[in-house]
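Visitor: Provide a 3D model corresponding to the input given below.
(2 chains)
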Amino acid sequence: MDSVIRAAFGYCFLIFMVRIVGRRPGKQMTPFEFVLIFFIGGLTLTSMVNDDRSFSNALVQIVTVACLHFLIAAVKVRSVWFTLLIDGTPVVLMEKNQWISENMLEMRIADDDVMAAARDKGLLSLEQIDYAVLERNGEISVIQMEEAS
Amino acid sequence: MSGAGYKTAPVEDSISKVNDELAVGADLKFQRRWWFFERCVWVLFLLIVIADLLGCFGRGYFSHAAQKGPAGVMDIQYERIERFSTPSILTVHFGPNAVRDGQIKLWASGSLVKPLGNQRVIPAPSSSVLENGGVLYTFPASPHPSSVEFALEPATFGAFPLTLQVPGTDAVNLKIYVMP
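Guide: As a prediction, the model looks like this:
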C-alpha cells in the first residue's frame, strides 16, 4: 500500500510541478530546462523508491503510474475543464505581427524562442509571422503572413 | 453510421478563433486565473524554501533544541524536528549528580526505540533492561561530566513524546516531530 501511495503522490506531484514551472520544458527544451526536468524527476524518484529497491516495489509503482495516467487521459477526454487544468490552454503570443506582451511575459517566452520556431518553418525574420501560438505541448506554432498579391 | 460500420459524428466548428480566422481554442479567462494561481504557488514555494532554510522541516536553526533537566543531573540536545528515515543524534550531557556508585542510569520511554528508531547508543551501555514500558540503560561513568549519544533514525512520521529520566530525579519530557 505504501508503494502505491508513494507512486501516486510522486506522479501527481510531478504533474503539478511541471504545470507550475511552465510550458517551456515541453518543446523549447534547452540544456537549462534539461537540468530542471532531470533534477525534479530524480529527486521525486528518491522519495518514491525510498529504501525499497525490490522488483515488487518497482512493479507496483510502475503499474500505479500507468493506471493513473490512463485515468487522467480518460477524464481529459470527457472533461474540458479537467483538460484545461492538466494541459492548460494554447496562448497566442503574436497576433497580426504584434506581440501580446502580457502573454509573452506570463509564459516566460522571449522573442528569440518565437524566432527559433519561425526558422524551423523556413522563415527569415519576425516580420514574416502573422500569428505565433504557444501550444499546450510547449511547441510554438508559427503562421506565416500571407504574401501581398 | 458510416458505410464501413463506424460510428460517426458531424464535424462542429467548436474551437474558438482569433480574429475570426485562426482556430486556436485559447481560453484567456482561464489562463489569467491560472497565472494568478501560479503566482500564489510561487509565493508558497518561496515560503517553503525560507522555512526549510530556517529549519522548520528539520536540520536547521529552529529544529535544534536543548532541554535542561534537573540541575547537575542532565541536559539534552536534540532535534525538535526530525525527518523520516534520516539519521540524527540526541545527546544527553550528564552532570556530576547523575553519577551513583560509579555508574549512570538513564531510563528512556519506549518511543525512543520504536517510532524514533534508536539505532545505537554511544558509548554502548553496560546493560539495557526493559522497564516500565521503556528501556533502562546503565553506563559506567566517572564523576566528571560525560555524555551519551543516541543515533536516531525515525521509522515513521508524526509527533512523538519522549521521556528521559535518571532514576530518583525529575523526568524530562520532550516532544519530537518527525516530518514525512
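Visitor: need the residues of chain B near chain A, please.
Guide: B:18-19, B:22, B:24-28, B:30-31, B:34-35, B:38, B:41-42, B:45, B:85 (Cβ under 8 Å from any Cβ of the partner chain). (Each C-beta comes from the backbone N, C-alpha and C, glycine too.)
Visitor: So the residue of chain A found nearest chain B, which state does it fall into?
Guide: Closest contact between chain A and chain B, by Cβ to the nearest Cβ, is at A:T89 (4.2 Å). Three-state assignment for A:T89 (DSSP: H, G, I helix; E, B strand; the rest coil): coil.
Visitor: from what I can see it touches B:D27, true?
Guide: Yes - assessed by Cβ atoms under 8 Å, A:T89 is found in contact with B:D27 at 4.2 Å.
Visitor: thinking again about what came up before, could I get the contacting residues of the residue of chain A closest to chain B?
Guide: Contacts for A:T89 (Cβ atoms under 8 Å, 6 or more residues apart in numbering or on different chains) come out as A:R136, B:G25, B:A26, B:D27, B:L28, B:F30, B:Q31.
Visitor: do A:M94 as well
Guide: Contact partners of A:M94, counting by Cβ under 8 Å, 6+ apart, are A:I100, A:V114, A:L126, A:I129, A:D130, A:Y131, A:A132.
Visitor: Now intersect these with the helices, please.
Guide: Within these, residues falling in helices by DSSP state H are A:V114.
Visitor: how does chain A divide into domains?
Guide: A:2-87, A:91-144 (automatic domain parsing).
Visitor: right, so the ones you listed: which one is the most enclosed?
Guide: Mean neighbour count, computed with mean count of other Cβ atoms under 10 Å in any protein chain shown, is highest for domain A:91-144 among the domains of chain A, reaching a mean of 17.
Visitor: which strands and helices sit next to the helix ranked longest in chain A?
Guide: For chain A, the longest helix by residue count, based on DSSP H, is helix A:55-78. For helix A:55-78, the elements it packs on are helix A:2-21, helix A:31-49, helix A:80-87, judged by 3 or more Cβ pairs under 8 Å, 6 or more residues apart in numbering or on different chains; DSSP states H and E.
Visitor: neighbours of the residue in chain B that chain A sits nearest to, just the number please.
Guide: In chain B, no residue comes nearer to chain A than B:D27, which is 4.2 Å away by Cβ to the nearest Cβ. Other residues within reach of B:D27, judged by other Cβ atoms under 10 Å in any protein chain shown, total 17.
Visitor: For it, give me its contacts.
Guide: A:L84, A:T89, B:S16.
Visitor: For stretch B:30-42, what does the pLDDT average out to?
Guide: Averaging pLDDT along stretch B:30-42 yields 94.
Visitor: Of all the residues in it, which ones are buried?
Guide: For stretch B:30-42, the neighbour count (16 or more other Cβ atoms under 10 Å in any protein chain shown) marks B:Q31, B:W34 as buried.
Visitor: Then stretch B:89-96?
Guide: B:L90, B:V92, B:H93, B:F94, B:G95.
Visitor: can you list those in JSON lines and add pLDDT and secondary structure?
Guide: As requested, the buried residues of stretch B:89-96 are exported to JSON lines (pLDDT from 0 to 100; DSSP: H, G, I helix; E, B strand; the rest coil):
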{"residue": "B:L90", "pLDDT": "96", "secondary structure": "strand"}
{"residue": "B:V92", "pLDDT": "95", "secondary structure": "strand"}
{"residue": "B:H93", "pLDDT": "94", "secondary structure": "strand"}
{"residue": "B:F94", "pLDDT": "92", "secondary structure": "strand"}
{"residue": "B:G95", "pLDDT": "90", "secondary structure": "coil"}
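Visitor: could you dump those residues to CSV with distance to A:E106?
Guide: As requested, the buried residues of stretch B:89-96 are exported to CSV (distance: Cβ to Cβ, whole Å):
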residue, distance to A:E106
B:L90, 48
B:V92, 55
B:H93, 55
B:F94, 61
B:G95, 62
